[in-house]
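Student: sequence first, predicted coordinates after that:
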Number of protein chains: 2
Amino acid sequence: MKRHIYDCQKGCPVESTLQIIAGKWKSVIIYHLMTGTERFNDLQKQMPDCSRRMLALQLHELQADGVIQKKVYPVIPVKTEYSLTDFGQTLRPVITAMETWGNLYNQRATRQAATN
Amino acid sequence: MKRHIYDCQKGCPVESTLQIIAGKWKSVIIYHLMTGTERFNDLQKQMPDCSRRMLALQLHELQADGVIQKKVYPVIPVKTEYSLTDFGQTLRPVITAMETWGNLYNQRATRQAATN
DNA sequence: CAGAATCCTAACAGATACTG
DNA sequence: CAGTATCTGTTAGGATTCTG
C-alpha cells in the first residue's frame, strides 16, 4: 500500500489513524506485539499468510512511523527483537477494539456454522 | 484489495476484523455513516481523495458483507441513501477507537508544528 | 443523481535465490 | 537467524466515457 494516501490536513481522524495502521498486516503485527517482544521468525509463525518479504516491509514502515522498535543482538546467528514504542502503545485501544469485535465475529460465525 | 486474504479459521480476531474493514476506504465510510444516513455524492464530498469508482466499489463490498444497506428512491433523478445495518452498528466501538486515536494524533501533529 | 464499463499504468506482492 | 535482491505476474485504482 502506498504511503500517505490519506490527507490528515483535512482533519478526518479516521483517515489519520489509517495513515499509520492501514498496511495490510500492520494492525496484526501490533496485535502480536501487544503481549510483548517478538522475534522475526516468531512473528512469521503467528502470521503464516504474510510472506517474509511482506513482514519485513511492514515492520520497516511501522519502524519509520515510530510505532515499533527493533533491537539487534550481536550474536551469531543474529537475534532481533521487535517491540512497541511508547507511541505504539497508545494504539492499544484501537487494536483491542478490533480484537474484541473479531472475537464476537468469530463466535457468530461458529454459531452459524453449528446451526447449519 | 482482494477479498478474503485473511484466514479467519486460524482464529486471529484482528485478522477477522480486517476481513471486514480492511478496504482502503471502508472504515472512513462507516465513520461517516455513524452520524446517520448519507447519499452517494455527499459521501464523496466528505472523502475527496476517494474517487467515485473507488467509493462505489467499497460501498458494494460493505453491502455484500452486510455492514451497510442502500435505499433507492424511485424519483428522477434517482436518489439513494446509505446507512449502517444492525450488524454495521456493532462496528461502532472499533471506528470510535480509531476516531479517538486520530484526534489525539492530529493534536500532537498540530502541537509539533506550532513548536517548530 | 448515482452509478457501470472500459482502458491503462503504477504499485503490490509472490517465488526464489542470496547474504552477513 | 533475519533479512535483502531480483524478477515477474497480479491487482489496484485513476481517467474517461456512457446510462437509466
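Tutor: Everything's here; your move.

Student: hmm, stretch A:91-105 in reach of chain B?
Tutor: Yes. On the criterion CB under 8 Å from any CB of the partner chain, stretch A:91-105 is in touch with chain B at A:91, A:93-105. For glycine as for every other residue, the C-beta is placed from the backbone atoms N, C-alpha and C.

Student: list the buried ones in that stretch?
Tutor: Residues A:91-92, A:94-99, A:101-102, A:105 are the ones in stretch A:91-105 that count as buried (16 or more other CB atoms under 10 Å in any protein chain shown).

Student: what residues does the longest helix along chain A touch?
Tutor: Using DSSP state H, we find that the single longest helix of chain A is helix A:92-115. The contact list for helix A:92-115, computed with CB atoms under 8 Å, 6 or more residues apart in numbering or on different chains, reads A:17, A:21, A:27, A:30-31, A:34, B:8, B:11-18, B:20, B:90-91, B:93-94, B:96-98, B:100-101.

Student: quick one: work out the angle between it and helix B:92-115.
Tutor: Angle, helix A:92-115 to helix B:92-115, by axes from the mean of the first three to the mean of the last three CA atoms, to 10 degrees: 160 degrees.

Student: could you give the mean pLDDT of helix A:92-115?
Tutor: Here helix A:92-115 scores 90 as its mean pLDDT.

Student: stretch A:35-43 vs chain B: in contact?
Tutor: No. Using CB under 8 Å from any CB, stretch A:35-43 never reaches chain B; the gap is at least 12.3 Å.

Student: distance between the ends of that stretch?
Tutor: With CA to CA, to the nearest Å applied, stretch A:35-43 spans 12 Å between its terminal residues.

Student: please identify the buried residues of that stretch?
Tutor: Result for stretch A:35-43 [16+ other CB under 10 Å]: buried residues A:38, A:40, A:43.

Student: for the second one, give me the pLDDT.
Tutor: Model confidence at residue A:40, expressed as pLDDT, equals 97.

Student: distance check, it against residue A:79.
Tutor: Remark: distance between residue A:40 and residue A:79 (CB to CB, to the nearest Å) = 9 Å.

Student: return the distance of residue A:75 relative to DNA strand C.
Tutor: For residue A:75, the distance to DNA strand C (CB to the nearest atom of the strand, to the nearest Å) stands at 10 Å.

Student: could you give the number of residues near that residue?
Tutor: Residues lying near residue A:75 (other CB atoms under 10 Å in any protein chain shown) number 7.

Student: so what does it have for phi and psi?
Tutor: As for residue A:75, its main-chain torsions (degrees, to the nearest 10) stand at phi -120, psi 170.

Student: helix or strand: which one has the closest residue to residue A:52 other than its chain neighbours?
Tutor: Using CB to CB, 6 or more residues apart in numbering or on different chains and skipping residues adjacent in sequence, the residue nearest residue A:52 is residue A:44, 6.2 Å away. Assigning secondary structure by DSSP states H and E places residue A:44 in helix A:40-46.
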